[in-house]
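S.K.: next come a sequence and a model predicted from it.
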Amino acid sequence: MTLAAGFFARDAVSVARGLIGAELQVDGAGGRIVETEAYDAGDPASHSFGGMTPRNAVMFGPVGRAYVYRIYGLHWCLNFVCAAEQPGSAVLIRAIEPLYGRDVMQARRGNVADRLLCSGPGRLAKALGIDAELNGAPLDGPPFAMALPATAPGIVEAVRIGISKGATTPWRFCLAGSRYLSKPV
DNA sequence: CTTCTGATTGCCT
DNA sequence: GGCAATCAGAAGA
C-alpha cells in the first residue's frame, strides 16, 4: 500500500501511529519503522515550541518533507514534517527493523550487531546515510520510498525518551513485540 | 545487568 | 555560555 496524499496533513500523533509498521527506504537502504515519537508546536519538548528559528524552519514549511537536524554536535536525527491546521509538527523516526541494503548500512555503521543497526535515531540516520543534505527534501520521491503496512500493526504507547520538558507525554509509539526498538517498552 | 562519562557543534538566551 | 529528541565504551554490582 502506498502513502495516500494527505497522509502527513494530520496531527503528529496520528502520523506517528500511522507510520508504525511502514516500510521506509532511502536510496535502497532501510526497513520497517518500529518506533516513532510525535512533536507539535504546543509541546514544550518540540523544537517548534516558541516559534520559527533558522534551525526549525522546515517544520513550519510544507508537510511531507524531511526535517533533519544535528543533535549533541555529532548525530543526525530524521523527522517527517506533518500538520493538521497549525504548522510546526513533526514525527521523529526512532528505530527501524533492517530489511534492505544491509551491506551498505553495515558498512556505514562499522559492522555492528544486527539489532543495533538502526535501533535509535542517530543510529538509523547513520545507517541510511541521512545528513543535512536531506533537510527539507520531499518524502514522496527519490531518494525516499515508503509503503504502508497491509494490516494494522499492534502498537504500544510510551513516554518519550531523552527529553526533559514534556517528559510525561505518552507520544512514543512502538511496534508491539519488536526486538529492534531503541529501548524496550 | 546498571549507571556514568566523553565526544563535539550549532543554536538560542 | 550552556545545552541538546544520542551513542559507545568503561566501570561497577
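M.R.: Nice, I can see it.

S.K.: most remote residue from chain A's center?
M.R.: What lies farthest from the middle of chain A is A:N111; by Cα atoms, centre = their mean that is 22.7 Å.

S.K.: show me where chain A has helices.
M.R.: Secondary structure of chain A (DSSP state H): helices located at A:12-19, A:102-109, A:121-128.

S.K.: the second one versus helix A:121-128: what angle between them?
M.R.: Same thing as helix A:102-109. 120 degrees (axes from the mean of the first three to the mean of the last three Cα atoms, to 10 degrees).

S.K.: not counting its neighbours along the chain, what's nearest whichever residue of chain A sits closest to DNA strand B?
M.R.: Chain A approaches DNA strand B most closely through A:T53 (2.2 Å), counting by Cβ to the nearest atom of the strand. For the C-beta atoms, the positions are set from N, CA and C on the backbone; glycine is no exception. Closest residue in space to A:T53, ignoring its immediate chain neighbours: A:H47 at 7.9 Å, by Cβ to Cβ, 6 or more residues apart in numbering.

S.K.: would you mind measuring from that neighbour to A:V13?
M.R.: According to Cβ to Cβ, to the nearest Å, A:H47 and A:V13 sit 17 Å apart.

S.K.: between these two, who's got more neighbours?
M.R.: Using other Cβ atoms under 10 Å as the criterion, A:H47 and A:V13 rank with A:V13 on top: 22 against 19.

S.K.: around DNA strand C, pick out the residues from chain A.
M.R.: Contacts of chain A with DNA strand C, taken as Cβ under 7 Å from any atom of the strand, map to A:37, A:39, A:45-48, A:59, A:67, A:71-75, A:77, A:79, A:90, A:92, A:109, A:112, A:116, A:120-123, A:160-165, A:182.

S.K.: 6 Å - rerun?
M.R.: In this structure, chain A approaches DNA strand C at residues A:39, A:45-47, A:71-73, A:75, A:77, A:79, A:90, A:92, A:112, A:116, A:120-123, A:161-164, A:182, judged by Cβ under 6 Å from any atom of the strand.

S.K.: no further queries at this time; thank you.
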